[in-house]
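1. predicted model, plus sequence, below.
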Amino acid sequence: MSGTPFDSSVFPLRHLLGIEGLSPLDISFLLDRADEYVELNRSVGGKLDTLAGRTVINLFFESSTRTRTSFELAGKRLGSDVINMSVSTSSIKKGETLIDTAMTLNAMHPDVLVVRHSSSGAVKLLSEKVNCAVINAGDGSHEHPTQALLDALTIRRRKGRLDGMQVAICGDILHSRVARSNIHLLNTMGARVRLIAPKTLLPAEAERLGVEVFHDMKAGLKDCDIVMMLRLQTERMTSNFFPSMREYYHFFGLDYAKLEAAKPDALIMHPGPMNRGVEIASDVADDIGRSAIREQVEMGVAVRMACLEVLTLNLEREDVA
Amino acid sequence: MIQKLPPAYGSVAYVNARLLDPASGLDAMGGVLTEGEFIIDAAADLFATGVPEDAAIIDCEGKCLAPGLVDMRIQISGRDFENVGASAVAGGVTTAVCLPSTTPIIDDRAVVEFVARAARKAGLVKVYPYGALTKGLEGAELAEMALLAESGAVAFTDGTKAVKNTRTMARALSYAATFGLMLVQHPEEPTLAEDGVMNEGETATRLGLVGIPKEAELIIIERDLRLAEMTGGRLHFAHVSTAESLDLIRAAKDRGLTVTCDTAPPYFALNEAAVGDYRTFAKLSPPLRSEADREAIIGGLKDGTIDAIASDHAPKSEDMKRLPFADAADGGLGMETLLAITLELVHNGHLTLLEAVGLLTQHPAELLGLPAGCLKAGAAADFIVFDPDSGWKVSADTLHSKAKNTPFDGRPVQGRVLKTVIDGRLVFAVDA
């Protein structure tokens, strides 16, 4: 069984390294494709042979459970062979090993490399050394394109559109690749983006990315359709971005009191894994009526199926860049 | 001399006073009417048609009536709030802001509340706390500034220590700016000032003492001005003491930076010569500087570069001062001489009386957002009656403080606090 055929001239890219630079058409194309897979994934034994005989390698230089599993499932549902490689970066010289690893894997002729790395730009560097397609599964604080796509799919299915949506992205923007990819995607699709964070967790000149910046949750959440919470990435923090978890939660943790400022039907999202009681109150996270957090995970598999499929089929094309 | 009275009730008319209210620019003969704890009115022609029948009358005999002094920096040794209150009201200070170096250190919400309670219990001066900028004043981890502010901390500082780590200071300014909070820096680069005990220069050389170069102050001011500009943080420099410090701050203000500073009486009334024969009462932090610096500080007060005058009140016991100069504690008493030393600038023609009072009342209150420092209707009845011309001689032995370490011991001064009123209560009076 194959998926619905599509006009592959729409997405003329060899790799998916980031959202920045994608056109509204590229994004809609991937979302439409993913949307079709949502129903398939919900059916018992739903599996395709679109990528039968193809090989996907998950190359994770940074630990991950949910993203790696999501890509693995996506690859398998399309009938491809999926191999997981976890590479510890702690004991080896990173630059040298990254390129060596890329060359070694390239010699094995995989079709798609799904790569996560703790250094911004590392996935692009690797993509320049291989013949296969590369999907960025998160590079440092730079981009995490499939996360932004799955967030967009979640919003589109719940709200019917992305255009005109008022979206607040809250918390540790500074270290967040999820935030950067979402800012690019939402801006490209005509949504209006606000960032809410203490000044210490905002990158310099953030407003130049085409967003509104707030330092107060209630002011920033006012009349928002979507509230995206980010995980506090304590593992990337050196020190002194804020005094304590207690103070952070008091001023920037999402609870019902702060949520009151948003629209009554505002959707709550979180890329996971959550720090309950740090960036989000447990009862808010578990609110069945308003939280789309579990749905985001479901959309993740569908989005990754679309990406794997499109990039694999693009390998045969002459016109991809 | 200190009178503790029950809560104020009824009306009191303070008549025949020269009213000085810098906030409204008022300098005229008139009166003040209070009701209980509050000012009902303060105006030039207030009692033109007579005093209300039920009001008690206090005749100010033509002396000055001004808002109670707002002292934006004092140290409380340990938890001695009683002693601080006695010094404060004798000096005409009705509102004081204490550094976080109390025991325990003000780096936790509970301590903010403890300080407020202890000060209320002592019942004299109104004490507001600074919160610690870093936990334990150790310069490493940020204190919970936003929570401390919610509990009542008015601004944040590591007290008599500068934040040494540049990135920590940058993050602190940036974080504080998130909530619109002000940071107060003690501008002294600690590694350059290490082991120093007085101003670097000829006097230190002759006395064989290790100097603290003025550059220690300039380096932190230059660094922090850059950081304030980078982060948008609100920054205040405590007790600036050198001529070039003022050049830097003046230039920063000229290019639109919201930076402020204060100084303390020793820096415009004394110079390094006061150390003389190893007088430890003249060992202060920052150290007393050169005569040219002292003159420049007066210039800064005249042209508005310096926003306020604080006492830097720092009681130190005899055990801590009666030591070889290098081993003695630094710091001097300040509250009881704050008004008289500041009035020297008026008597010498540098400032008007209203300007001098403004630097001690309205300006510090506005800097820190305190409900104090003015004589308007509805405000707390916190004011002083003083005689700007009455002469006296500062004598360590007759000060109200338990500690006696005044750098002004033996100095003849002009200007005496006659009455101090807080929340409508007469808490200090000298017999005429």
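-> Noted; the coordinates are in hand.
2. what residues does chain B put near chain A?
-> Residues of chain B that fall close to chain A, judged by CB under 8 Å from any CB of the partner chain: B:135, B:140-147, B:167-168, B:171-172, B:174-175, B:177-179, B:231-232. C-beta here means a position set from N, CA and C on the backbone, and glycine is covered the same way.
3. who touches the closest residue to chain A within the stretch 201-350 of chain B in this structure?
-> Scanning the stretch 201-350 of chain B for the residue nearest chain A gives residue B:231, at 6.9 Å (criterion: CB to the nearest CB). Residues counted as contacts of residue B:231 (CB atoms under 8 Å, 6 or more residues apart in numbering or on different chains) are A:199, B:170, B:173-174, B:177.
4. same question for residue B:153.
-> With contacts defined as CB under 8 Å, 6+ apart, residue B:153 is in contact with B:100, B:106, B:112, B:129-131, B:145.
5. narrow the residues you listed to those in strands?
-> B:129, B:131 (DSSP state E).
6. redo the contacts of residue B:153 as a markdown table? Include pLDDT.
-> Converted to a markdown table, the contacts of residue B:153 look like this (pLDDT from 0 to 100):
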| residue | pLDDT |
| --- | --- |
| B:100 | 96 |
| B:106 | 96 |
| B:112 | 94 |
| B:129 | 95 |
| B:130 | 97 |
| B:131 | 97 |
| B:145 | 98 |
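7. are any of the contacts of residue B:153 buried, and which?
-> Among the contacts of residue B:153, those classed as buried by 16 or more other CB atoms under 10 Å in any protein chain shown are B:100, B:106, B:112, B:129-131, B:145.
8. out of those, the closest to residue B:23 would be?
-> Residue B:23 lies nearest to residue B:130 out of the buried ones among the contacts of residue B:153, by CB to CB, at 23.3 Å.
9. would you confirm that that closest one contacts residue B:100?
-> Yes: the pair residue B:130 and residue B:100 passes the contact test of CB atoms under 8 Å, sitting 5.1 Å apart.
10. would you list every one of the strands in the stretch 201-350 of chain B?
-> Residue ranges of the strands in the stretch 201-350 of chain B, as given by DSSP state E, counting those that start in this stretch, are B:211-212, B:234-237, B:259-263, B:308-309.
11. for residue B:365, find the nearest of the ones you listed.
-> Here strand B:308-309 is closest among the strands of the stretch 201-350 of chain B (CB to CB), at 9.0 Å.
12. go through the contacts of residue B:231 and say which is closest to residue B:30.
-> residue B:177 (42.2 Å).
13. OK, contacts around whichever residue of the stretch 1-150 of chain A sits closest to chain B?
-> Relative to chain B, the nearest point of the stretch 1-150 of chain A is residue A:141 (17.1 Å; CB to the nearest CB). Applying CB under 8 Å, 6+ apart, we find residue A:141 in contact with A:120, A:174-177, A:180, A:236.
14. swap in residue A:142?
-> Under the criterion of CB under 8 Å, 6+ apart, the contact partners of residue A:142 comprise A:18, A:120-121, A:177, A:180.
15. same question, residue B:336
-> Going by CB under 8 Å, 6+ apart, the list of residues near residue B:336 reads B:87, B:90-91, B:399-401, B:406.
16. generate a ChimeraX selection restricted to the buried subset of the residues you listed.
-> Of the contacts of residue B:336, the buried ones can be selected in ChimeraX as follows, counting by 16+ other CB under 10 Å:
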select /B:87,90,91,399,400,401,406
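17. determine which two of the contacts of residue B:336 are furthest apart.
-> The most widely separated members of the contacts of residue B:336 are B:90 and B:406, with 12.5 Å between them, by CB to CB.
18. what's the pLDDT at residue 5?
-> All of this refers to chain A. Listed pLDDT for residue A:5 reads 65.
19. you looked at the wrong chain, it should be chain B
-> The score at residue B:5 is 50. That number is its pLDDT.
20. again, but for residue B:123
-> Listed pLDDT for residue B:123 reads 73.
21. quick check, it in contact with residue B:85.
-> Yes: using CB under 8 Å, residue B:123 and residue B:85 qualify as a contacting pair, with a distance of 7.1 Å.
22. and those two? Which one has more around it.
-> The residue with more neighbours, out of residue B:123 and residue B:85 and counting by other CB atoms under 10 Å in any protein chain shown, is residue B:85; that gives 25 against 15.
23. distance of the more buried one from residue B:428?
-> Note on residue B:85: its distance to residue B:428, by CB to CB, to the nearest Å, is 10 Å.
24. same question for residue A:16.
-> Residue A:16 sits 76 Å away from residue B:428 when distances are taken as CB to CB.
25. swap in residue A:34?
-> The span separating residue A:34 from residue B:428 equals 78 Å under the rule CB to CB.
26. ditto for residue A:149
-> Separation of residue A:149 from residue B:428 (CB to CB) stands at 72 Å.
27. and the worst-scoring helix or strand of chain B on mean pLDDT, what other elements does it pack with?
-> For chain B, scoring each helix and strand by mean pLDDT, DSSP states H and E identifies helix B:109-122 as the least confident one, at a mean of 87. With contacts defined as 3 or more CB pairs under 8 Å, 6 or more residues apart in numbering or on different chains; DSSP states H and E, helix B:109-122 has these neighbours: helix B:81-90, strand B:126-129, helix B:145-151.
28. orientation of that helix relative to helix B:81-90 in degrees?
-> Orientation note: helix B:109-122 sits at an angle of 60 degrees relative to helix B:81-90 (axes from the mean of the first three to the mean of the last three CA atoms, to 10 degrees).
29. got the CA coordinates for helix B:109-122 in CSV?
-> Provided in CSV are the C-alpha atoms of helix B:109-122 (Å, rounded to 0.1, in the frame of the first residue of the first chain):
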residue,chain,number,x,y,z
ARG,B,109,11.3,37.1,52.1
ALA,B,110,11.0,36.2,55.8
VAL,B,111,13.9,38.5,56.7
VAL,B,112,12.3,41.4,54.8
GLU,B,113,9.3,40.9,57.0
PHE,B,114,11.4,40.5,60.1
VAL,B,115,13.2,43.8,59.5
ALA,B,116,9.9,45.6,59.0
ARG,B,117,8.5,44.1,62.1
ALA,B,118,11.6,44.8,64.3
ALA,B,119,11.7,48.4,63.1
ARG,B,120,8.0,48.9,63.8
LYS,B,121,8.4,47.5,67.2
ALA,B,122,11.3,49.8,68.0
